[in-house]
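>>> prediction below, plus the sequence it came from.
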Amino acid sequence: MTKAGVKAVDAYIAKQRTDLQAVLKRVRRIIRKTLPGAEETLSYQIPAYRLHGEYVVYFAGWSQHWSLYPVTESTQAAVGSGLAPYKVSKGTVRFPLAEPVPESLVVRIVRALAKAAKARAGSRAASPAKRAQGGRRTTR
């Protein structure tokens, strides 16, 4: 983790109201524990974590909820019915501030996102190798 990224995320959390800060700090601890080698930074002006050169997960706080992004359809399928009690739309899952942070669910989401990021990084790395093996395009 870069120090600049840590300071940026610290600043993001510090700007939130006190009750939201506590929740965001908890979410941050869960993500950092689940992705110990991840780079912590801000992207789209919210906390984000990168592994293998790919963004894995983002989180943000709002007036009535906090969110994780991007909870894609494949992530939703990997996590299963654990998301049923929460509002999920357009790659976002919203967790009410009035409820405790569902740690095991957050871990499952983050692991699924990390697996997808690793696959993206692997396919990106394999692309030049495929071209080198003769996967040239021909024109007529």
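Looks like it arrived, so ask away.
>>> only C-alpha atoms for contact and neighbour calcs from this point on.
Will do.
>>> so which helix or strand of this protein has the lowest pLDDT on average?
The weakest-scoring helix or strand in the chain, judged by mean pLDDT, DSSP states H and E, is helix 103-132 (a mean of 80).
>>> which residues in this structure form strands?
For the chain, the strands defined by DSSP state E occupy 39-43, 46-51, 54-61, 65-69, 87-89, 92-96.
>>> what residues does residue 65 make contact with?
Residues in contact with residue 65 (C-alpha atoms under 8 Å, 6 or more residues apart in numbering) are 94, 95, 96, 97, 98.
>>> any of these buried? List them.
Judged by neighbour count, with 16 or more other C-alpha atoms under 10 Å as the criterion, the buried members of these are 94, 95, 96, 97.
>>> and these as a markdown table, adding distance to residue 110 and pLDDT?
Formatted as a markdown table, the entries for those read as follows, by distance: C-alpha to C-alpha, whole Å; pLDDT from 0 to 100:
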| residue | distance to residue 110 | pLDDT |
| --- | --- | --- |
| 94 | 15 | 97 |
| 95 | 15 | 98 |
| 96 | 18 | 97 |
| 97 | 19 | 96 |
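>>> any chance of the strands of the chain in CSV, with distance to residue 114 too?
Written out in CSV, the entries for the strands of the chain read as follows (distance: least, C-alpha to C-alpha, whole Å):
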stretch, distance to residue 114
strand 39-43, 12
strand 46-51, 7
strand 54-61, 5
strand 65-69, 12
strand 87-89, 19
strand 92-96, 16
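>>> and of those strands, who's closest to residue 15?
Within those, the stretch nearest residue 15 is strand 54-61; the backing value is 10.4 Å (C-alpha to C-alpha).
>>> and of the strands of the chain, who's closest to residue 77?
Comparing the strands of the chain against residue 77 with C-alpha to C-alpha, the closest turns out to be strand 87-89 (12.3 Å).
>>> before we move on, the earlier item: the buried ones among the contacts of residue 65: which two are farthest apart?
Within these, two members stand farthest from each other by C-alpha to C-alpha: 94 and 97, at 9.2 Å.
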